[in-house]
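Peer 1: Provided below for reference: sequence and predicted model.
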Amino acid sequence: MAKHLFSTVAVVFAVACVLPALAIATRDVGVVKLGFVVQGRVFCDTCRAGFETPASTYIQGARVRVECRSEVTGAKTCSFEGTTDHTGTYNILVADEHDDHEICESLLVSSPESGCNTVLQGRERAPVFLSHNNGIASGTRFANSLGFLKDTSLPGCSELLKSYEQYED
């Protein structure tokens, strides 16, 4: 009877203490950390303002590249391309972890719109952080919008741009 009681206590102890501890300890072992999805938008600066305005449109079919480079040597470590959808949004799957020793950016490649295919200086690239070691739980990384400049401003842009002016008292 004592043997049976000892066996029962050992089993209960194993189930109650040892198995949960083992499960917690091995939880991250063998877990494959997937890559990331880099998401952003590409716009056409229809007012030639240098930034997005309510008159800006979003470009379907624009090509965007996510590129990482070594911070030390500047050598390209990876490159992934994608195309924007009907809302001007791109979702580019990037494989692997890209740590603190790499600089990753979304870059404009091309615009299918003939009247809006000049790269807007200062809006041609956006940094993205592609590491799981930064406190962000999601695998989606959001990049700032990238832009092209329309050849000529739309009518009504001067009135729109006046709303952005600041007046001194």
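Peer 2: Sure, I can see it.
Peer 1: helices and strands of the chain: which one bottoms out on pLDDT?
Peer 2: For the chain, counting by mean pLDDT, DSSP states H and E, helix 19-25 ranks last in confidence among helices and strands (a mean of 46).
Peer 1: so what are the sheet partners of the next helix or strand along the chain from that one and their directions?
Peer 2: Downstream of helix 19-25, the next assigned helix or strand under DSSP states H and E is strand 36-45. Sheet pairing for strand 36-45, assigned by DSSP bridges, gives strand 57-58 (antiparallel), strand 89-94 (antiparallel), strand 140-142 (parallel), strand 146-149 (parallel).
Peer 1: which of those strands sits closest to residue 156?
Peer 2: When those are compared by CB to CB, strand 57-58 sits nearest residue 156, at 13.6 Å. All C-beta spots, glycine's among them, are computed from the backbone N, C-alpha and C.
Peer 1: what about the strands in this protein?
Peer 2: For the chain, the strands defined by DSSP state E cover 36-45, 57-58, 63-70, 76-83, 89-94, 102-110, 118-119, 125-128, 140-142, 146-149.
Peer 1: tilt between the longest one and strand 76-83?
Peer 2: Angle of strand 36-45 versus strand 76-83, following axes from the mean of the first three to the mean of the last three CA atoms, to 10 degrees, is 60 degrees.
Peer 1: okay, and the beta partners of residue 69?
Peer 2: Following DSSP bridges, residue 69 is listed with bridge partners residue 76, residue 103.
Peer 1: to residue 162, which of the strands of the chain lies closest?
Peer 2: Residue 162 lies closest to strand 36-45 among these, at 16.8 Å (CB to CB).
Peer 1: who does the closest residue in space to residue 57 that isn't next to it in sequence bridge with?
Peer 2: Leaving aside its sequence neighbours, residue 57 sits nearest to residue 44 (CB to CB, 6 or more residues apart in numbering; 4.8 Å). Counting by DSSP bridges, residue 44 is bridged to residue 57, residue 148.
Peer 1: residue 44 and residue 121, how far apart?
Peer 2: 15 Å (CB to CB, to the nearest Å).
Peer 1: of those two, who's got more company?
Peer 2: residue 44 (24 against 9; other CB atoms under 10 Å).
Peer 1: confidence score at the more buried one?
Peer 2: Residue 44 is assigned 98 on the pLDDT scale.
Peer 1: CSV for the strands paired with strand 36-45, including mean pLDDT and distance to residue 158?
Peer 2: Listed next are those as CSV, based on pLDDT from 0 to 100; distance: least, CB to CB, whole Å:
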stretch, mean pLDDT, distance to residue 158
strand 57-58, 98, 18
strand 89-94, 96, 29
strand 140-142, 94, 32
strand 146-149, 98, 16
